[in-house]
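Peer 1: coords below, sequence missing:
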């Protein structure tokens, strides 16, 4: 009987990480107040770059077991910006930062100071900057209304297919949004979420940045960072920062904000070493590996730097290599209009005008509507080229 007793003794321990928060078992309209909005003012009077917005995106409270911290997305201090600084450096400049449920400023959180402040971290400097890859602001608090529900961290890794919830405050919705979805893809520390509701999948969710992403148990697995339109489906892909960076903040890891290298560095050196054809074949395989994820930025890519490599091949008289290079980029990053245009220009520059025209005609209605005009402009330029 002893082995059986031992097994039963361990059963409660096995289930500890899977205990659901009591509130998540209720209908969503009966959930407690979790998602908050940000109200920010600086000592110099600066508030929001866009005067039409009344709050800066979303936020929430985190119960660490030791403290209750306030969290939002790092990139919102571009919108709620102190114009005197372009760094993630706000503690000395901040007058007030409050969080509260949308439409209910009485139940507020008063921010104390930013834990992961970094006077050397630029707020925005192009895709290689890294702010969107570590899109967390983590604050201590002075006061918290007892009517606001903090959430707790999930301990176990998440998997593709896991069901998730987002609760946040996009500007276009009058009330707090609770959306259900699932993890459709993982890429390094970025999770991609697809929502079930077709309206949410296609809607612009400005103001949702900083929303917590919860698992089925009501525990935190990530933060909503931004969305990108998938030109093939017309849906917006939700980019979610996993809790990897947050865990580093909580653990006091230093240095905290080191940028990954841009993948263009790898491609350029590889072409110099083995030639374009072999390099691009190796590159296509390499970007699918974990090592590439660890060493290089693969989610927020500086497209212009990759394009400049092909343009350099063309300027050096290696037109066929330039075409091969852009054809491979177009295959690897299917749907990116910048590579589409670059490939068309390479065809045109190498006496393949009709091929360039056919390429753009075939794809002009498939790209993001916001960039269709740019594609059509290049198409007309090539058509009118002698």
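Peer 2: Sure thing, it's come through. Since the structure is predicted, the reported quantities are computational estimates derived from the model, not experimental observations.
Peer 1: tell me which element residue 236 falls in.
Peer 2: Using DSSP states H and E, residue 236 falls within strand 235-242.
Peer 1: who does that strand touch, helix- and strand-wise?
Peer 2: Contact here means 3 or more C-beta pairs under 8 Å, 6 or more residues apart in numbering; DSSP states H and E; on that basis strand 235-242 packs against strand 177-187, strand 190-195, helix 198-202, strand 220-230. Backbone N, C-alpha and C define where each C-beta goes, glycine included.
Peer 1: and the helix or strand just after that strand, how far out from the chain's middle?
Peer 2: Per DSSP H and E, strand 235-242 leads on to helix 244-251 as the next helix or strand towards the C-terminus. Centroid separation for helix 244-251 versus its chain: 17 Å, with C-alpha atoms, centre = their mean, to the nearest Å.
Peer 1: that older thread, turn the helices and strands packed on strand 235-242 into CSV, columns for mean neighbour count, mean pLDDT and distance to residue 35.
Peer 2: Compiled in CSV, those are given as follows (neighbours: other C-beta atoms under 10 Å; pLDDT from 0 to 100; distance: least, C-beta to C-beta, whole Å):
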stretch, mean neighbour count, mean pLDDT, distance to residue 35
strand 177-187, 17, 94, 8
strand 190-195, 22, 94, 15
helix 198-202, 14, 89, 15
strand 220-230, 22, 90, 10
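Peer 1: part of a strand, is residue 317?
Peer 2: No - if the criterion is DSSP: H, G, I helix; E, B strand; the rest coil, then residue 317 is coil and not within a strand.
Peer 1: next, work out how far apart it and residue 154 are.
Peer 2: Remark: distance between residue 317 and residue 154 (C-beta to C-beta, to the nearest Å) = 55 Å.
Peer 1: so the two - more neighbours on which side?
Peer 2: A direct count of neighbours by other C-beta atoms under 10 Å for residue 317 and residue 154 places residue 154 higher, at 20 against 9.
Peer 1: residues contacting the closest residue to the more buried one other than its chain neighbours?
Peer 2: Beyond its immediate neighbours in the sequence, the residue positioned closest to residue 154 (C-beta to C-beta, 6 or more residues apart in numbering) is residue 219, lying 3.9 Å away. For residue 219, the contacting residues are 21, 151, 152, 153, 154, taking C-beta atoms under 8 Å, 6 or more residues apart in numbering as the criterion.
Peer 1: thinking the last one is in contact with residue 212, fair?
Peer 2: No - in this structure, residue 154 sits apart from residue 212 without contact. The criterion is C-beta atoms under 8 Å, and the distance is 11.0 Å.
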